[in-house]
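Novice: sharing a sequence plus its predicted fold:
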Amino acid sequence: MQPRSTHHATFVIERKYPSPPARVFAAWADPAVKARWFSGPSSWQREGYVLDFRVGGREQLRTGAAGGKMHRYDCVYHDIVPDSRIIYSYDMHIGEVRISVSLATVELLPESGGTLMRFTEQAVFLDGYDDSGARERGTQELLDKLGHALEPI
């Protein structure tokens, strides 16, 4: 049996987007838009995506490398203030193994010429399967994709 362990970490990522808070908020709230940027590496398969963006609603994604174990993201929304704030918790699994549980806060602050987005994650990483550095890098990549999704088409 693998030894059990927990590792707690908090990280904050700030991004400036040249779009108003309402547009950045919509990129989180609209299932079609979020599906464009909320994904793993482009080489990974995607097995379904569900977004029920409301307090108490769920978001779920299964994705992974071909032939590998699937990564599962399972989220519940706790607080939503349009164009301003989103608070949610989520579990991450690899196969059937839960690797982390997190609380995330997205703050959208109007700023001259756009939005300052502050993303804060408080996480507990379980049994050595993941770590805060890898999670922060992965989140930075997702927020880069969000920036590209906000660019004019």
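Specialist: Ah, there it is. Keep in mind it's a predicted model, so treat the numbers as computed, not measured.

Novice: what's the burial count for the nearest residue to residue 146 once chain neighbours are set aside?
Specialist: Of all residues not flanking residue 146 in the chain, residue 37 sits nearest, at 4.8 Å (Cβ to Cβ, 6 or more residues apart in numbering). For glycine as for every other residue, the C-beta is placed from the backbone atoms N, C-alpha and C. Burial measure for residue 37: 18 neighbouring residues, criterion other Cβ atoms under 10 Å.

Novice: with residue 102 instead?
Specialist: Count around residue 102 with other Cβ under 10 Å applied: 19.

Novice: go ahead and confirm it touches residue 120.
Specialist: No. Taking contacts as Cβ atoms under 8 Å, residue 102 lies outside contact range of residue 120: 10.3 Å.

Novice: follow-up on the earlier one: surely the residue nearest to residue 146 is in contact with residue 145?
Specialist: Yes. Residue 37 is in contact with residue 145 according to Cβ under 8 Å; the separation is 3.9 Å.

Novice: nice, that's everything, thank you.
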